[in-house]
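>>> Kindly return the folded structure for what I paste below:
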Amino acid sequence: MHETDTWLADYGEDHREISYAAIYWVSVVVLVFSTVGLLWVLPVPAEFEQISPLLNWGSAFLMAAAVYYFIISMPLAIGMLPFVFGIAALQIRVQQSPWPLAAVAATLFAASIAGIYLGRSSSDGSMAAIRAVMRDVQMMMIAPVWLLSNLYRRLGIPF
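The predicted structure is shown next:
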């Protein structure tokens, strides 16, 4: 089995017990957006600003994620580029809005954690759900690739 398949199979196995899939998957996307937003507003070295006003910790995180996607699978990486660019475009849009990006990102981060917990909640108990949420935070950039890999499988696109 290819390493990418093993990675995605492990992630899928960990996500068989989702109680409320719609709440869960929306919350995962919001988690990615809010985490990137929190990184986006962190102070950056002057050298970053000299290179580009868009170079910050959030955009660097997105670039690193894109590079990782290309390492694990070229077709999945190409499919993930609209997601990565979309997250960046939304960050820029919120930054230009009258609301402070840090406050929006922090609020959405808290809401996404609550949504992931609710989506994961089951009869296993709250400690198991909390551990699962913490694992989801660690694996948040794999979740969109996992969803895309499922779509590729259904469409017969090799990856």
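
>>> Surely residue 7 touches residue 139?
No. Judged on CB atoms under 8 Å, residue 7 makes no contact with residue 139 at a distance of 9.9 Å. C-beta here means a position set from N, CA and C on the backbone, and glycine is covered the same way.

>>> ok, residues contacting the longest helix that the chain contains?
Across the chain, the helix with the greatest residue count (assigned by DSSP state H) is helix 74-95. Under the criterion CB atoms under 8 Å, 6 or more residues apart in numbering, residues 4, 32-33, 36-37, 40, 54, 58-59, 62, 65-66, 69-70, 101, 104-105, 144-145, 148-149, 152, 157-159 lie in contact with helix 74-95.

>>> make it 6 Å
33, 36-37, 40, 62, 66, 69-70, 101, 104, 144-145, 148, 159 (CB atoms under 6 Å, 6 or more residues apart in numbering).

>>> just the buried members of these?
33, 36-37, 40, 62, 66, 69, 101, 104, 144-145, 148, 159 (16 or more other CB atoms under 10 Å).

>>> Out of those, the closest to residue 112 would be?
When the buried ones among the contacts of helix 74-95 are compared for distance to residue 112 (CB to CB), residue 33 wins out at 8.1 Å.

>>> Tell me, how many residues neighbour residue 3?
10 (other CB atoms under 10 Å).

>>> Roughly how far does the closest residue to it other than its chain neighbours sit from residue 7?
Nearest residue to residue 3, sequence neighbours excluded (CB to CB, 6 or more residues apart in numbering): residue 72, at 7.4 Å. Distance of residue 72 to residue 7, computed by CB to CB, to the nearest Å: 7 Å.

>>> Do a quick rundown of the helices in the chain.
Counting by DSSP H, the helices of the chain are 3-14, 21-40, 46-51, 57-72, 74-95, 101-120, 126-138, 143-155.
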